[in-house]
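Asker: this is a predicted model, with the sequence first.
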Amino acid sequence: MSGHSTNTGAVMFPGQGSQERGMGRDIAESYSEVMELWKKGEQIAGAPLREIYWEGDEQAMTETSYQQPALVITSLGLWRVLSSNIRPQYFSGHSIGEYTALIASGVLDWEQALELVCLRGRLMSEAGRSASGKMAAILKLPQETVQQIVDQASEDTGETLLIANYNTPYQLVISGADNAVDKAMELVKQNKGKSVALPVSGAFHSPLMNEAAQELAGFMEKLHWKNPEIPVHLNVTAQEETNVDNLLANMQKQMISPVYWTQLILDQWDKGARKWWEIGPKKVLTNLVKNILRDSEKSWEVETVGSLEDINKLGLETG
């Protein structure tokens, strides 16, 4: 086995926004077990995921009900090839990526997890169509200022609004009712910050997803959950979890709770992690980690493994 093998780092799996044309194709065409993941995912999703993402159907690629299973399958395929070489201290994933972490840590069987992921994508997509709501990224303003803006916009409109993703100290995502998000974006401009509306189908990680979250929670109860082989750092708490009952309870809240990503990475840092592996396309989490840890005086590494080429560059034994 290569000297790259590690048990002091953390493996993380990306979420929506990391999709890209062709993702996972090179791994699937090189490893038959990974191709089977895609085929099984297509059966469960009832959609031609390979055609959509490998051929690059731009409109379909942004559909939540397709994105979520396709991202989990992409990251899971990469992890299947890498897992014999990397034994991390922690697993984590950003939003839908947390489901990949549950599979990798042995909490859920991959077929059951894919059913759960496909249901989640459908429910979130439907919730977005039936209840108006949206999300926006807020850049260049500190968390305290963004919280003040959220509180004011919510009060001014009488509508639901909250910080949904704590991605870095200066990149936060707000989620809520259309009017409240619009008002907040005006206030961001007045405070000399920058806001970017996100191409998602609803107000994810907010109470506007409550009905969908309840349905998903009911389905979760039917699955066989196990204690993780390696601790999973959770979005909802930013803490590591090894107890199966706590894992289930927190995953049942995940769709309506904020993603405490900054706090999660800092907790891993405090507990000794100095190497992060992003297993998935596009380097979104890699860049978040760089921004979260950029003022640290101690040395650390973050590496993206998003393709067969990336795996080959590592020189790891595979298969």
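Answerer: Nice, I can see it.

Asker: I figured Ala212 hits Met124, correct?
Answerer: Yes: applying Cβ atoms under 8 Å, one finds Ala212 in contact with Met124, separated by 5.9 Å. Bear in mind the C-beta positions are built from the backbone N, C-alpha and C, glycine included.

Asker: between these two, what contacts are shared?
Answerer: Met255 (Cβ atoms under 8 Å, 6 or more residues apart in numbering).

Asker: residue nearest the centroid of this structure?
Answerer: His94 (2.5 Å; Cα atoms, centre = their mean).

Asker: my read is that that one contacts Met12, right?
Answerer: Yes: in this structure His94 lies within contact range of Met12 using Cβ under 8 Å: 7.1 Å.

Asker: find the residues that touch each one of those two.
Answerer: Leu285.

Asker: A helix includes Gln263, no?
Answerer: Yes: assessed by DSSP: H, G, I helix; E, B strand; the rest coil, Gln263 belongs to a helix.

Asker: OK, contacts around it?
Answerer: Contact criterion Cβ under 8 Å, 6+ apart gives Tyr166, Ala238 as the residues in contact with Gln263.

Asker: what's the answer for the one 4 residues further on, then?
Answerer: With contacts defined as Cβ under 8 Å, 6+ apart, Asp267 is in contact with His233, Ala238, Gln239, Glu240.

Asker: hang on, the earlier thing: which one is the residue nearest to the centre of the chain nearest to, not counting chain neighbours?
Answerer: For His94, ignoring the flanking residues on the chain, the nearest one in space by Cβ to Cβ, 6 or more residues apart in numbering is Gly15 at 4.1 Å.

Asker: wait, what's in contact with that neighbour?
Answerer: Leu71, Gly93, His94, Ser95, Ile96, Gly97, Glu98.

Asker: residues contacting the first one?
Answerer: Taking Cβ under 8 Å, 6+ apart as the definition of contact, the neighbours of Leu71 are Pro14, Gly15, Gln16, Ser18, Gln19, Met23, Ile96, Gly97, Thr100, Gly280.

Asker: also the fifth one?
Answerer: By Cβ under 8 Å, 6+ apart, the contact set of Ile96 is Gly15, Gln16, Gln67, Gln68, Leu71, Val72, Val117, Arg120, Gly121.

Asker: quick check: phi and psi on it?
Answerer: Backbone torsions for Ile96, taken as degrees, to the nearest 10, come to phi -60, psi -30.

Asker: and it, how far from Ile27?
Answerer: According to Cβ to Cβ, to the nearest Å, Ile96 and Ile27 sit 19 Å apart.

Asker: the third one too?
Answerer: As judged by Cβ to Cβ, His94 and Ile27 stand 20 Å apart.

Asker: what does the second one give?
Answerer: Distance, Gly93 to Ile27, by Cβ to Cβ: 18 Å.

Asker: these two: which has the busier surroundings?
Answerer: It is Gly93, of Gly93 and Ile27, that has more neighbours when counted by other Cβ atoms under 10 Å, with 30 against 25.

Asker: work out for me the element the nearest residue to Glu111 once chain neighbours are set aside sits within.
Answerer: Take Glu111 and drop its neighbours on the chain: the residue closest to it by Cβ to Cβ, 6+ apart is Lys40, 6.6 Å away. Element membership for Lys40, per DSSP states H and E: helix 32-45.

Asker: now do that helix: distance to the chain's middle.
Answerer: Taking the mean C-alpha point of helix 32-45 and that of its whole chain, the gap between them comes to 20 Å (Cα atoms, centre = their mean, to the nearest Å).
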